[in-house]
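Participant: Let me see the structure of the following:
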Amino acid sequence: MQPLKPKKLKPLTLTQSLVLSTFKKIVDAKGIAPTHKEVAKKLGMARPTVSVHMAAIERKGWIKKSRAWRSVEFLR
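Facilitator: So this is what the prediction gives:
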């Protein structure tokens, strides 16, 4: 059996990078993951737009969300 290789991350778009960095900044400041509404307000976006970007960020392997409330694991 071969050891697992780390996944190569797919690059983020500029907007996805902005959403992710804002998300991280809020986590660092509050100690808890923000809601999509909080990130949207900070960036002047609509909440559904942030949700779409967060889903893309997860698909690209940068974060992992769990079913727990406000639970996000930063993979990189």
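Participant: For this protein, give me the ranges with low pLDDT.
Facilitator: Low-confidence segments of the chain (pLDDT under 70): 1-7, 70.
Participant: Need the residues that contact the strand or helix carrying Val50.
Facilitator: Element membership of Val50, judged by DSSP states H and E, is helix 47-59. Contact with helix 47-59 is made by 10, 12-13, 15-16, 19-20, 23, 36-37, 39-40, 43, 63-65, as judged by CB atoms under 8 Å, 6 or more residues apart in numbering. (C-beta placed from N, C-alpha, C; glycine too.)
Participant: just stretch 69-76 next, same as before
Facilitator: Stretch 69-76 has contacts (CB under 8 Å, 6+ apart) with 9, 23-24, 27, 32-35, 61-66.
Participant: Most neighbours among those residues, which one?
Facilitator: Phe23 (24 neighbours; other CB atoms under 10 Å).
Participant: Spatially nearest residue to it, not counting backbone neighbours?
Facilitator: In this structure, Phe23 finds its nearest non-sequential neighbour in Val39, 5.7 Å apart by CB to CB, 6 or more residues apart in numbering.
Participant: Val39 should be in a helix, yeah?
Facilitator: Yes: per DSSP: H, G, I helix; E, B strand; the rest coil, Val39 lies within a helix segment.
Participant: Next, the contact list for it, please.
Facilitator: By CB under 8 Å, 6+ apart, the neighbours of Val39 are Val19, Thr22, Phe23, Ile26, Met45, Val50.
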